[in-house]
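J.: Model the following, please.
(chains A and B)
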Protein chains: 2
Amino acid sequence: MTISPLALPFPELPPIRGLRLAAGAAGIRYQGRNDVVLAELAPGTAVAGVFTRNRCPGAPVDWCQAALPGGEARALVVNAGNANVFTGRAGQEACRATAAAAARLLGCSDRRVFLASTGVIGEPFPHDRLIAALPSLAGMLSDHGWSDAACAIMTTDTFPKGATRVAWVGDREVRISGIAKGSGMIAPDMATMLCFVFTDARAPAGPLQAILQAGVERSFNCTTVDSDTSTSDTVLLFATGQAGNASADFGDFAARLNEVLHDLALQVVRDGEGAQKLVQIEVTRAVSDSSAKRVALSIANSPLVKTAVAGEDANWGRIVMAVGKAGEPADRDRLSVAIGGVWMARNGAVVPDYDEIPVVAHMKGREVAITVDLGLGDGRATVWTCDLTHQYIDINGSYRS
Amino acid sequence: MTISPLALPFPELPPIRGLRLAAGAAGIRYQGRNDVVLAELAPGTAVAGVFTRNRCPGAPVDWCQAALPGGEARALVVNAGNANVFTGRAGQEACRATAAAAARLLGCSDRRVFLASTGVIGEPFPHDRLIAALPSLAGMLSDHGWSDAACAIMTTDTFPKGATRVAWVGDREVRISGIAKGSGMIAPDMATMLCFVFTDARAPAGPLQAILQAGVERSFNCTTVDSDTSTSDTVLLFATGQAGNASADFGDFAARLNEVLHDLALQVVRDGEGAQKLVQIEVTRAVSDSSAKRVALSIANSPLVKTAVAGEDANWGRIVMAVGKAGEPADRDRLSVAIGGVWMARNGAVVPDYDEIPVVAHMKGREVAITVDLGLGDGRATVWTCDLTHQYIDINGSYRS
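T.: Numbers count the residues shown, from 1 in each chain, chains lettered A, B, ... in the order given. As a prediction, this is how the structure comes out:
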């Protein structure tokens, strides 16, 4: 597996007070690499979560959704290799047993343990191996485990993903850091498979949930690799409270959190299966923001647009097709399309003598910008995707073998 | 371009009374092959049509929709190579001029001429070349031009597509024959790019339109290649009336027409860009027929399901994912999945010790059958698609070059 040409280096992530991490090898599916992460969270850690809207979610998603109303977390257990999805009653039992084992090790109640699994779907989940790995992880917990943790949760990912920001809550500086994984089965609701963000801010679970939901809507839910919505998508935000802020003014916190989420979401697209190019699609002057987003996602999910980008073909005709198939208000004769900032079509027809040279040069780059002006109203949206290449077929035509 | 391994031989299509066909080379885009078809229809020919629901349709679609309420047709002009889509006022003018030229040649009014174009989008349409080719075509009209016509309208198609049936209307035997083209940008509303069906039955335009719409819903609108809805999709049905039937009992006629449409729709899927396998997806026990169809199309359009089929991987976990992402009522723990008639999952979990040998053998074949039982109600639907292969990327990453 070669590393995505769009990969970014893993950032330096300083410790978060109240969080310790460990990664290890449970041999769930992969051999010779880490595949399980244990995170220990200080007493009083608040938690918020957003999950896949797929109607057939995995057992760990059910587990987290049941645990979330408690508002408090003491541990997180994540594994790669088997998603524990469509595993029936045995899959639910696996969650219960894993949470109980972690709770015993860390001295908390089962319902304070959050779980996430990623990997193949519909195969029996070997939770005995996962549970057997936990004691040694509990003995290895450290506040410098970021990179190992980000690597251990990877499946078809080609690089580990992390992001960090500093925010102010009142007069206290707080830290927000996160890791994510995901490169296929990526579509809004949610976009990534797994993302875990930690902060030392003190924040009640209620406001935390509202801030997280708004941030996810503008980041992960504005990205797509292949339109396939995973059964395991999970974003969890843990606030250990160790910064001891008295203030509950979370304005700057929310802004910085959104940056972390946006950064991680784009890293997931940069690692989209087979991605050679990162594509930004901006739709302006739609009848509403939500209409603009649906049009933008229709373009982003069109196999014909994505293969044209892969072929470095500035095929704006396919973009028009994708606008039209979205089913949203659009007037062919008011529509304008730009690639790399050059308007190729205006008001429903090609711009005579537009300069093709900068467009061709732009298409050969690693980042492609498409703008569509619908000419109807004030709605706008920006989404991100990647191109559709031979490597996507290679990866997904032989994933299980 | 190698011929699809799923190709069928072009059938023997006998003449239709009241119809003459000619094909020729206008050099619109392709060199050294025919790219234009002229059909002459007897006075009194009734016409029905169903068109793309893409909001940015091509100029010929606009033209046909404006001509359709007249209910009568005397000519059809079709070209391949340029779709005359997103060509602004010049594109509308091209339609007007082409129709006028054909009308002059055949002695009818402009509005009795129907038009269809397929090929690249957003490039100026060279209607002068099309018009220049018409006089020689008018001199070559014959009642044996089926195969030439079916070949002339091809773009990325690898084989010509035709179908024919005999129907009874009262005591008269009538003939129904059609040709179609299409292999990419194929998704419901409509599914094919172009399909033309001719019959010598005598039928008023009103009932003809109702029969055609119902037939298209169950055939072309139950197929998908890549989820991309073309801007040019057109199905036209012409009834020359030369059979002279007095009866207006169109029950058998509708049944046989549906067979022709179904036959042609499946030929389009068999020629799906890069298709190596024809996939039938049957969804049963949904809450309604329309819900079943949405679930079936969600499976049919999933890149992960389609690449799994290409990789001959009976990955029912991805099928479950695609059921869940459809957003339709589904209960993970009542869901069952079969491939090639073997139930691999029942009531939300893998069937212990199911026999993998026939499933593996089935996946290696040219036709793959997927069945999903939702266990909820009486709704059912069947749709067809093809696998997603390297050839799709090859064809669409370099279509314009």
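J.: Show me where the stretch 301-401 of chain A has its strands.
T.: Listed in chain order, the strands of the stretch 301-401 of chain A (DSSP state E, counting those that start in this stretch) span A:336-339, A:342-346, A:349-350, A:367-373, A:379-386.
J.: now for the third one, which elements pack on it?
T.: If I follow you right, that is strand A:349-350. The helices and strands touching strand A:349-350, judged by 3 or more CB pairs under 8 Å, 6 or more residues apart in numbering or on different chains; DSSP states H and E, are helix B:88-106. Every residue, glycine included, has its C-beta placed from N, CA and C.
J.: residues in contact with the helix it packs on?
T.: A:333, A:347-350, B:38, B:40, B:58-60, B:62-63, B:74-75, B:77, B:84-85, B:87, B:109-113, B:115, B:124-125, B:127, B:130-131, B:134-135, B:138 (CB atoms under 8 Å, 6 or more residues apart in numbering or on different chains).
J.: Please repeat the previous calculation with a cut-off of 7 Å.
T.: Where contact means CB atoms under 7 Å, 6 or more residues apart in numbering or on different chains, the residues beyond helix B:88-106 that reach it are A:348-349, B:38, B:40, B:59-60, B:63, B:74-75, B:77, B:84, B:109-110, B:112-113, B:115, B:124-125, B:127, B:130-131, B:134-135, B:138.
J.: Am I right that A:Glu40 is in a strand?
T.: Yes - judged by DSSP: H, G, I helix; E, B strand; the rest coil, A:Glu40 forms part of a strand.
J.: Distance check, it against chain B.
T.: Distance, A:Glu40 to chain B, using CB to the nearest CB, to the nearest Å: 31 Å.
J.: Tell me the bridge partners for that residue.
T.: A:Arg20, A:Ala75 (DSSP bridges).
J.: Point out the most buried one among the strands of the stretch 301-401 of chain A.
T.: Stretch with highest mean neighbour count among the strands of the stretch 301-401 of chain A: strand A:379-386 (a mean of 24; mean count of other CB atoms under 10 Å in any protein chain shown).
J.: Could you dump the strands of the stretch 301-401 of chain A into TSV with mean pLDDT and distance to A:Gly397 added?
T.: Formatted as TSV, the strands of the stretch 301-401 of chain A follow (pLDDT from 0 to 100; distance: least, CB to CB, whole Å):
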stretch	mean pLDDT	distance to A:Gly397
strand A:336-339	96	30
strand A:342-346	94	34
strand A:349-350	86	37
strand A:367-373	97	25
strand A:379-386	92	18
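J.: want to throw the ones you listed into a markdown table with distance to A:Arg104?
T.: Formatted as a markdown table, these follow (distance: least, CB to CB, whole Å):
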| stretch | distance to A:Arg104 |
| --- | --- |
| strand A:336-339 | 57 |
| strand A:342-346 | 62 |
| strand A:349-350 | 68 |
| strand A:367-373 | 48 |
| strand A:379-386 | 42 |
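J.: got the domain boundaries for chain A?
T.: Per the record's domain assignment (automatic domain parsing), chain A is made up of the domains A:19-270, A:278-396.
J.: Would you mind checking the average pLDDT for the first one?
T.: Translated: domain A:19-270. Taken as a whole, domain A:19-270 carries a mean pLDDT of 89.
J.: Compute the first-to-last residue distance for it.
T.: Counting by CA to CA, to the nearest Å, you get 28 Å between the two ends of domain A:19-270.
J.: just the last one next, same as before
T.: Start-to-end span of domain A:278-396 (CA to CA) is 20 Å.
J.: For it, what is the distance to the chain centroid?
T.: The chain centroid and the centroid of domain A:278-396 are separated by 22 Å, computed with CA atoms, centre = their mean, to the nearest Å.
J.: could the domains of chain A be laid out in JSON lines, adding distance to B:Gly27?
T.: JSON lines is the format used below for these (distance: least, CB to CB, whole Å):
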{"stretch": "domain A:19-270", "distance to B:Gly27": "38"}
{"stretch": "domain A:278-396", "distance to B:Gly27": "21"}
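J.: Quick check: residues of the stretch 51-200 of chain A near chain B?
T.: For the stretch 51-200 of chain A, the residues found near chain B under the criterion CB under 7 Å from any CB of the partner chain are A:54-56, A:85-88, A:120-122, A:184-185.
J.: For A:Ala296, which three-state class applies?
T.: Of the three states, A:Ala296 takes helix under three-state DSSP.
J.: from what I can see it touches A:Ala381, true?
T.: Yes - using CB atoms under 7 Å, A:Ala296 is in contact with A:Ala381, at 5.0 Å.
J.: who touches both of the two?
T.: Common contacts of A:Ala296 and A:Ala381 (CB under 7 Å, 6+ apart): A:Val283.
J.: who's in contact with the nearest residue to A:Ser247 once chain neighbours are set aside?
T.: Leaving aside its sequence neighbours, A:Ser247 sits nearest to A:Gly170 (CB to CB, 6 or more residues apart in numbering or on different chains; 2.4 Å). With CB under 7 Å, 6+ apart as the criterion, the residues that contact A:Gly170 are A:245-247, A:249.
J.: how about the nearest residue to the residue of the stretch 151-300 of chain A found nearest chain B, chain neighbours excluded?
T.: Chain B sits closest to A:Thr229 of the stretch 151-300 of chain A, with a gap of 3.9 Å, by CB to the nearest CB. In space, and not counting its chain neighbours, A:Thr229 is closest to B:Lys325: 3.9 Å by CB to CB, 6+ apart.
J.: Contact residues of the stretch 201-350 of chain A facing chain B?
T.: A:226-231, A:302-304, A:307-308, A:310-311, A:313, A:315-318, A:320-321, A:323-325, A:327, A:330, A:332, A:335, A:345, A:348-350.
J.: Out of the contacts of helix B:88-106, which end up buried?
T.: Buried subset of the contacts of helix B:88-106 (neighbour count, 16 or more other CB atoms under 10 Å in any protein chain shown): A:348-349, B:38, B:40, B:59-60, B:63, B:74-75, B:77, B:84, B:110, B:112-113, B:115, B:125, B:127, B:130-131, B:134, B:138.
J.: Which of these fall within helices?
T.: Taking DSSP state H, the ones among those that sit in helices are B:59-60, B:63, B:127, B:130-131, B:134, B:138.
J.: For the residues you listed, which two are the farthest from each other?
T.: The most widely separated members of those, counting by CB to CB, are B:Ala59 and B:Ala138 (22.8 Å).
J.: which residue ranges form the helices in the stretch 201-350 of chain A?
T.: Ranges of helices in the stretch 201-350 of chain A, per DSSP state H, counting those that start in this stretch, are A:205-218, A:251-270, A:289-300, A:303-310, A:316-325.
J.: So what touches the first one?
T.: Just to be clear, that refers to helix A:205-218. If you take CB under 7 Å, 6+ apart as the criterion, helix A:205-218 is touched by A:46-48, A:50, A:71, A:190, A:235, A:237, A:239, A:250, A:254, A:257-258, A:261.
J.: In contact with A:Leu261, which residues?
T.: Shown in contact with A:Leu261 (CB under 7 Å, 6+ apart): A:215-216, A:219-220.
J.: Neighbours of A:Gln92, how many?
T.: A:Gln92 has 16 neighbours, counted by other CB atoms under 10 Å in any protein chain shown.
J.: for the one 4 residues further on, same thing?
T.: As a burial measure, A:Arg96 scores 15 neighbours (other CB under 10 Å).
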